[in-house]
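*Asks:* sequence first, then the predicted structure, then my questions.
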Amino acid sequence: MAEEDRALKSSFELAMERLRKSDAEAGIEHKPLTDAQKASIAEVRNFYDAKIAEQEVLHQSKLRSILDPAEREELERGYRRERERIGSERDAKIDKIRRG
């Protein structure tokens, strides 16, 4: 009867249980974020979202003035590299905040 009383778990809940169990076996400890950490992470995300938006505007502006396909492709590659760099920088700062 006790088995019937338990609610069925979603596949997400089952996967999370397995992950928590494997983390516990590996000695990985999860600490909830403090309010200060959450605020810092939100601030970092907002800052880098603004940087990405700024890069997008600049990129679109430059792109409108270039007609040569090779130059446009080079501009696109540079833009993708810059977005990747900004994203990596953001992720590193967020990771540092999470670690304390």
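*Replies:* Right, received. Where do you want to start?
*Asks:* going by C-alpha atoms from here, please, whenever you check contacts or count neighbours.
*Replies:* Fine.
*Asks:* return the helix or strand in this structure with minimum mean pLDDT.
*Replies:* Within the chain, confidence by mean pLDDT, DSSP states H and E is lowest for helix 2-5 among all helices and strands, at a mean of 46.
*Asks:* measure the residue nearest the centre of the chain to residue 30 for me?
*Replies:* Nearest to the mean C-alpha position of the chain, by CA atoms, centre = their mean, lies residue 91 at 6.2 Å. Using CA to CA, to the nearest Å, one gets 18 Å for the distance from residue 91 to residue 30.
*Asks:* quick one, helices of this structure?
*Replies:* 2-5, 11-26, 35-65, 69-99 (DSSP state H).
*Asks:* just give me the lowest mean pLDDT stretch among the ones you listed.
*Replies:* Mean pLDDT is lowest for helix 2-5 out of the helices of the chain, coming in at a mean of 46.
*Asks:* report how many residues lie close to residue 48.
*Replies:* 18 (other CA atoms under 10 Å).
*Asks:* show me the contacts for it.
*Replies:* If a contact means CA atoms under 8 Å, 6 or more residues apart in numbering, then residue 48 has 86-87, 90 as its contacts.
*Asks:* export these to TSV and tack on neighbour count and distance to residue 16?
*Replies:* Shown next, in TSV, are these (neighbours: other CA atoms under 10 Å; distance: CA to CA, whole Å):
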residue	neighbour count	distance to residue 16
86	17	30
87	17	27
90	19	26
